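>>> turn this into a model:
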Amino acid sequence: MWSVIKSVLAALIGVQNDRQRREDFSSKHPAAFIITFIIITLAFVVALWALATVVAG
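Below you'll find the model as predicted:
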């Protein structure tokens, strides 16, 4: 599971290398990447919303 999270985070910030990308697509189920991406994106949006709420007072 950690390798999927690491791959999704690397892809989101644009530092995933070609070798790792090929390995991910050939050995792991795509649904794991999609679900992990959705969870990480939602967590990021919620964190930004919470930060904006705190800053705005």
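
>>> centre of the chain to the helix or strand encompassing Arg19, how far?
Using DSSP states H and E, Arg19 sits in helix 18-27. In terms of Cα atoms, centre = their mean, to the nearest Å, the centre of helix 18-27 is found 16 Å from the chain centre.

>>> now for that helix, which elements pack on it?
helix 2-13 (3 or more Cβ pairs under 8 Å, 6 or more residues apart in numbering; DSSP states H and E). C-beta: built from backbone N, CA, C; applies to glycine.

>>> Val8: neighbour count?
21 (other Cβ atoms under 10 Å).

>>> what does the worst-scoring helix or strand of the chain on mean pLDDT contact?
Every helix and strand in the chain was compared by mean pLDDT, DSSP states H and E; the lowest is helix 18-27, with a mean of 81. Contact with helix 18-27 is made by Ser3, Val4, Ser7, Ala10, Ala11, Phe33, as judged by Cβ atoms under 8 Å, 6 or more residues apart in numbering.

>>> one more time with 7 Å
Applying Cβ atoms under 7 Å, 6 or more residues apart in numbering, the contact partners of helix 18-27 are Ser7.

>>> got the CA coordinates for that helix in CSV?
C-alpha atoms of helix 18-27 as CSV (Å, rounded to 0.1, in the frame of the first residue of the first chain):
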residue,chain,number,x,y,z
ASP,A,18,9.6,6.6,-16.2
ARG,A,19,10.9,3.4,-14.8
GLN,A,20,8.7,3.6,-11.7
ARG,A,21,5.7,4.6,-13.8
ARG,A,22,6.2,1.5,-16.1
GLU,A,23,6.6,-0.7,-13.0
ASP,A,24,3.4,0.7,-11.4
PHE,A,25,1.3,0.2,-14.6
SER,A,26,2.6,-3.4,-15.2
SER,A,27,2.4,-4.8,-11.7
